[in-house]
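**Student:** Fold the following, please.
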Amino acid sequence: TGYAFTVFYSFAGLVVGRLSDVFPRTIIIAVGVLTWSVMTILMGLARNFWQFAVLRAGLGLAQAACTPPASSLIAHYFPPERRSSAMSFYYLAIYLGAALAYSVGGFIAAKWSWRWAFVVFGVPGIGMGLIVLCTVKEPWRGKGKKKEKMQEKSLQQSSLNTAAAVDDHGNDYRLSQTDADKLSLVTPLEEPQTDAKLPLSEEEMVDDDQIAALVESNPKLPNESPTVSLKESIMYIFTSQTLLRVFVAAAIRNMGGYALGAFEATFYAHTHGLNPLQYGLFLSFVVPVGGCIGSLWGGYAGDWWCRRDRRGKALVLLVTQAIAVPLIIACLIVPDYRLSLFFLLLEYLFAETWSGNATSIALDVTPGPMRGFMTAIYFMTISLVGAGGSFGAGLIAQYWFDQSNGEPIRWALLLTVPIMYGIASLLFGFTSLSIKGDMKKCEDYVQVLNSKQLALEKAADFTESEQSPLLKKDDGERSDSLSADVH
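**Tutor:** Below is the predicted model of the structure:
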């Protein structure tokens, strides 16, 4: 049933990704978690293969509702120079979940039944879905990534006894005097990503919650980033050199990861003669510990280098994936299983730096209104292509080598994992060549969206002023000015 899960997970993500660019992401995540929990519980009650397959497909649909909106939220909360570490922290769930599945799930299955394992793991998700819905705040999509909103002290009292908040583009938003005292500049849309820092003190910065509150209380202010059409999103994504390169690099890297994950237990059983209890105990330590530490330090290293060079995240992957190549070769060829496990732990510490950095690179060069859809394409690509790694390693082990000993598994892994890591390392390095240009392209694109949105707002204000006799009478000069600006 793994194929049913992978297919539905991959393609459902495209729909969810598009929805997360338009609708509240927190609601999508909460519904996905609740649905996933229900499907997991029902899998423990399945009575035949087809029921299990259908529920597994439903599990894929529900799980697809998590990563695209979650990645978009993380990109909204964290600027580029902190985004890799945030994404790496998010990916800890993979390794911690695997550790819980091996330990707690294995214990429940052995003590009672595999059915109870599904039920026990499904129930907490219902509570988590409700927690997400009640506690995770949907950011105001127009707020940008940082609390750097300059205040202007000169506010003009209009004939309607309201103050105008004027930004550096000359956009005039009508606020009440109370609101104007709190905030005198509203950035209409998400700010372009830039290394430039505004010389603001803490006292000069305006809290995002204040901005959101003002937007909610003043309908004339924009409270959402403009959406872009599906065609426009597709055209942007597939004309970005950085996105295409990171898609390919991450997919090939994932092929190596899939192959290793599928056959590492078999490798220690067939090649080193460990029984299930032994290799299960060892791998339940090596995989989550190495994966968690590798993911975290890789994310922080990517952010550290990014603050000095925008190409830093890709350069971290160029180095770490290259280091992982000799480590995994050593793991596979040494005769002693203890030494092999030591090299496997080292390999995880370097190889698993890729996930947070690769996703962050893709988010950095993608405008906010299409990040959910881009993330869905990214994960569909690395999931479908990555699954070919385990399939290819299985074919090599099955048809190319003698089946009378454990060598087929060893050679199958040697001919897939190090090669995939090496190719991915080169491709991540190649990706670094286009990052600066594509980040500039992203900034320019956001500025174009800003201009379009502001033009629409001015047109709306002009139309309203034309239809309101009161505004015509009391604020005629502003209407004339808006009319001139629109035309």
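
**Student:** For the host helix or strand of residue 51, name the packing helices and strands.
**Tutor:** Using DSSP states H and E, residue 51 falls within helix 49-63. Contact here means 3 or more CB pairs under 8 Å, 6 or more residues apart in numbering; DSSP states H and E; on that basis helix 49-63 packs against helix 2-20, helix 25-43. Bear in mind the C-beta positions are built from the backbone N, C-alpha and C, glycine included.

**Student:** The same query, at a cut-off of 10 Å, please.
**Tutor:** helix 2-20, helix 25-43, helix 114-135 (3 or more CB pairs under 10 Å, 6 or more residues apart in numbering; DSSP states H and E).

**Student:** And the average pLDDT for it is what?
**Tutor:** Mean pLDDT, helix 49-63: 80.

**Student:** after it, next one along is what?
**Tutor:** Downstream of helix 49-63, the first helix or strand assigned by DSSP H and E is helix 67-77.

**Student:** if we can go back for a sec, next, the angle from the helix holding residue 51 to helix 25-43.
**Tutor:** Helix 49-63 runs at 160 degrees relative to helix 25-43, counting by axes from the mean of the first three to the mean of the last three CA atoms, to 10 degrees.

**Student:** give me every residue that touches the residue most central in space within the chain.
**Tutor:** Centroid check for the chain by CA atoms, centre = their mean gives residue 71 as the closest residue, at 2.6 Å. The contact partners of residue 71, by CB atoms under 10 Å, 6 or more residues apart in numbering, come to 17, 20, 25, 83, 86-87, 90, 359-360, 362-363, 366, 371-372, 374-376, 378-379.

**Student:** okay, the helices and strands packed on helix 49-63 in JSON lines with mean pLDDT, mean neighbour count and distance to residue 335 next?
**Tutor:** What follows is the helices and strands packed on helix 49-63, written out as JSON lines (pLDDT from 0 to 100; neighbours: other CB atoms under 10 Å; distance: least, CB to CB, whole Å):
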{"stretch": "helix 2-20", "mean pLDDT": "77", "mean neighbour count": "20", "distance to residue 335": "33"}
{"stretch": "helix 25-43", "mean pLDDT": "87", "mean neighbour count": "21", "distance to residue 335": "41"}
{"stretch": "helix 114-135", "mean pLDDT": "83", "mean neighbour count": "16", "distance to residue 335": "35"}
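
**Student:** can you tell which of those helices is closest to residue 250?
**Tutor:** Nearest of those to residue 250, taken as CB to CB: helix 2-20 at 14.1 Å.

**Student:** From the contact counts, what lies against that closest one?
**Tutor:** Using 3+ CB pairs under 10 Å, 6+ apart, helix 2-20 is in contact with helix 25-43, helix 49-63, helix 67-77, helix 230-237, helix 371-399.

**Student:** Could you rerun that using 7 Å?
**Tutor:** If you count contacts as 3 or more CB pairs under 7 Å, 6 or more residues apart in numbering; DSSP states H and E, helix 2-20 packs onto helix 25-43, helix 49-63, helix 67-77, helix 371-399.

**Student:** so for the one helix or strand residue 450 maps to, what's the average pLDDT?
**Tutor:** In this assignment (DSSP H and E), residue 450 forms part of helix 435-467. On average, the pLDDT along helix 435-467 is 74.

**Student:** Please apply the same query to stretch 320-340.
**Tutor:** The predicted model assigns stretch 320-340 a mean pLDDT of 94.

**Student:** list the buried ones in it?
**Tutor:** Across stretch 320-340, burial judged by 16 or more other CB atoms under 10 Å covers 320-325, 327-332, 337, 340.

**Student:** what's near enough to touch residue 435?
**Tutor:** Going by CB atoms under 7 Å, 6 or more residues apart in numbering, residue 435 touches 242, 310-311, 314, 361, 365.

**Student:** Residue 50: neighbouring residues, count only.
**Tutor:** 10 (other CB atoms under 10 Å).

**Student:** heads up, I number from 38, so please use that
**Tutor:** Yep, numbering from 38; the last one is residue 87 now.

**Student:** can you tell me how far it sits from residue 44?
**Tutor:** According to CB to CB, to the nearest Å, residue 87 and residue 44 sit 16 Å apart.

**Student:** now residue 161
**Tutor:** According to CB to CB, residue 161 stands 27 Å off from residue 44.

**Student:** quick one: terminal-to-terminal distance for stretch 110-118?
**Tutor:** 16 Å (CA to CA, to the nearest Å).

**Student:** which residues are contacting that stretch?
**Tutor:** Contacts of stretch 110-118 (CB under 7 Å, 6+ apart): 62, 120, 123-124, 127, 176, 182-183, 230, 340, 343-344, 400-401, 405, 408.

**Student:** Give me the below-cutoff pLDDT ranges for the stretch 138-287 of the chain.
**Tutor:** 139, 143, 147, 177-264 (pLDDT under 70).

**Student:** from the contacts of residue 472, which is closest to residue 137?
**Tutor:** Distance to residue 137, by CB to CB, is smallest for residue 398 among those, at 29.3 Å.

**Student:** for the closest one, what are its contacts?
**Tutor:** 279, 283, 350-351, 468, 472 are the contacts of residue 398 under CB under 7 Å, 6+ apart.

**Student:** quick one: it from residue 342, how far?
**Tutor:** Remark: distance between residue 398 and residue 342 (CB to CB) = 12 Å.

**Student:** list residues touching both of the two?
**Tutor:** residue 350.

**Student:** pLDDT of stretch 399-412, averaged?
**Tutor:** In this model, stretch 399-412 has a mean pLDDT of 91.

**Student:** try stretch 447-460
**Tutor:** Per-residue scores along stretch 447-460 average to 93.

**Student:** Equivalent analysis for stretch 332-351, please.
**Tutor:** Confidence for stretch 332-351, expressed as mean pLDDT, is 93.

**Student:** how about it as PDB, C-alpha atoms only?
**Tutor:** Taking C-alpha atoms only, stretch 332-351 is exported to PDB below (Å, rounded to 0.1, in the frame of the first residue of the first chain):
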ATOM      1  CA  SER A 332      19.500  18.500  10.500                       C
ATOM      2  CA  LEU A 333      19.900  21.100  13.200                       C
ATOM      3  CA  TRP A 334      23.500  22.000  12.800                       C
ATOM      4  CA  GLY A 335      23.100  22.000   9.000                       C
ATOM      5  CA  GLY A 336      20.300  24.500   9.300                       C
ATOM      6  CA  TYR A 337      22.300  26.800  11.600                       C
ATOM      7  CA  ALA A 338      25.300  26.500   9.400                       C
ATOM      8  CA  GLY A 339      23.300  27.400   6.300                       C
ATOM      9  CA  ASP A 340      21.800  30.500   8.100                       C
ATOM     10  CA  TRP A 341      25.300  31.500   9.400                       C
ATOM     11  CA  TRP A 342      26.800  31.300   5.900                       C
ATOM     12  CA  CYS A 343      23.700  33.000   4.300                       C
ATOM     13  CA  ARG A 344      24.200  36.100   6.500                       C
ATOM     14  CA  ARG A 345      27.600  36.500   4.800                       C
ATOM     15  CA  ASP A 346      26.800  35.300   1.400                       C
ATOM     16  CA  ARG A 347      23.300  34.600  -0.200                       C
ATOM     17  CA  ARG A 348      24.700  31.400  -1.700                       C
ATOM     18  CA  GLY A 349      25.700  30.100   1.700                       C
ATOM     19  CA  LYS A 350      22.900  27.500   2.100                       C
ATOM     20  CA  ALA A 351      23.800  25.800  -1.200                       C
END
